[in-house]
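Student: Sequence first, predicted coordinates after that:
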Amino acid sequence: MKVRTICVIDAEYEDFIMAADKLKEINRAMHTLCKDDPTIVWHGTDMKERRGDTSPLDFAKMKFRSN
């Protein structure tokens, strides 16, 4: 059975340098989590600028598409 796990982190940083440093830290943590687990076939991270002050995401209402 194939599954996809989604993790979302909303954060506020002073500047893009701090955000880039945090992304490096998150990438290292993901690599540590996934490197010795043969059941994980792929992992990746991405960070984008967030706009607005919306409440936390409701994953049950989200729809994901595959290209």
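Tutor: It's in.
Student: CA atoms for contacts and neighbours, from now on please.
Tutor: Fine.
Student: Can you give me the first-to-last residue distance of stretch 39-52?
Tutor: Terminal residues of stretch 39-52 lie 37 Å apart, using C-alpha to C-alpha, to the nearest Å.
Student: now that stretch: how far from the chain's centre is it?
Tutor: Put simply, stretch 39-52 sits 3 Å off its chain's centre (C-alpha atoms, centre = their mean, to the nearest Å).
Student: Just the buried positions in that stretch, please.
Tutor: Within stretch 39-52, no residue counts as buried by 16 or more other C-alpha atoms under 10 Å.
Student: any residues touching that stretch, and which ones?
Tutor: 10, 23, 26-27, 30, 34 (C-alpha atoms under 8 Å, 6 or more residues apart in numbering).
Student: wait, which of those residues is closest to Phe64?
Tutor: Distance to Phe64 across the contacts of stretch 39-52 (C-alpha to C-alpha) is lowest for Asp10, with 18.8 Å.
Student: What pLDDT is listed against that closest one?
Tutor: On pLDDT, Asp10 comes in at 88.
Student: Can you turn the buried part of the contacts of stretch 39-52 into a ChimeraX selection?
Tutor: Per 16+ other C-alpha under 10 Å, the buried members of the contacts of stretch 39-52 correspond to this ChimeraX selection:
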select :27
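Student: And the contacts of stretch 39-52, which two are furthest apart?
Tutor: Using C-alpha to C-alpha, the two most remote members of the contacts of stretch 39-52 are Asp10 and Cys34, lying 21.9 Å apart.
Student: how near is Lys2 to Lys61?
Tutor: 21 Å.
Student: ditto for Thr54
Tutor: 15 Å.
Student: got it, and Asp37?
Tutor: Following C-alpha to C-alpha, the distance that separates Asp37 from Lys61 is 30 Å.
Student: how distant is stretch 8-26 from the center of its chain?
Tutor: Counting by C-alpha atoms, centre = their mean, stretch 8-26 comes out at 11 Å from the chain centroid.
Student: Perfect, I'm done here.
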